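**Q** Sequence and predicted structure, then a few things I'm wondering about:
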Amino acid sequence: MRAIQKGFTLIELMIVVAIIVAASACRTSVTEVFQSATSAPLPNFWGCEVTDAAKGGASKYVQLIQTDANGKVMVTIQGFAITITPPINGTVVTLVPLKSTGAGTPPVAMLSTDVGGNTVFGWRCGNAGDGTNLNQKFLPGSCRG
């Protein structure tokens with residue numbers, strides 16, 4: 001009889017933990033800037049970035065944490081076995097801050113012009129249109145789209 005896999009593999013759990021740790025620091029920084037700053041910072045100056053992979057990266061499993069002018073967070077993965085299929089090293093997971101557009105309409109991505117007194121309504125994580133190229137099967141459940 002063939003056994004059915006239940007739960008997560010160790011690799012999936014390590015990826016989830018790496019993404020959550022990197023994301024939590026950046027989500028806080030980006031949210032604070034949108035709510036209290038008077039102007040938007042330049043890319044990679046939102047207060048949570050690790051942009052020098054030559055120094056070893058952000059952690060064992062996170063190579064880079066970068067931001068763009070609109071507060072989008074890009075986390076680059078590293079440190080996994082090269083035998084993993086599909087490959088994981090060098091792939092990116094994105095997190096985009098969202099703003100509410102009113103009742104009955106979906107939230108939209110925040111822009112640098114929204115900095116200063118605006119509330120981050122939520123976050124979109126793992127959307128391929130935002131630049132995520134990590135295989136969906138490795139993303140946390142709340143980060144698939």
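**A** Thanks, I have the structure now. Numbers count the residues shown, from 1 in each chain.
**Q** Give me the distance from the worst-scoring helix or strand of the chain on mean pLDDT to the chain's centre.
**A** Lowest mean confidence among the helices and strands of the chain (mean pLDDT, DSSP states H and E): helix 10-36, at a mean of 82. Computed by CA atoms, centre = their mean, to the nearest Å, the chain-centroid distance of helix 10-36 equals 6 Å.
**Q** buried set for that helix?
**A** Using 16 or more other CB atoms under 10 Å as the test for burial, helix 10-36 gives 14-16, 18-19, 22-23, 25-27, 29-31, 33-34. From N, CA and C alone the C-beta is placed, and that goes for glycine too.
**Q** from the residues you listed, which two are the most distant?
**A** 14 and 34 (30.4 Å; CB to CB).
**Q** and residue 134, helix, strand or coil?
**A** Classification of residue 134 using DSSP: H, G, I helix; E, B strand; the rest coil returns coil.
**Q** Would you agree it is in contact with residue 78?
**A** No - the criterion here is CB atoms under 8 Å, and residue 134 misses it with residue 78 at 11.9 Å.
**Q** More neighbours: these two, which one.
**A** Between residue 134 and residue 78, residue 134 has the larger neighbour count (other CB atoms under 10 Å), namely 23 against 19.
**Q** If you drop the residues flanking it in sequence, what lies closest to that one?
**A** Nearest residue to residue 134, sequence neighbours excluded (CB to CB, 6 or more residues apart in numbering): residue 91, at 4.1 Å.
**Q** And that neighbour, how close does it get to residue 125?
**A** 14 Å (CB to CB, to the nearest Å).
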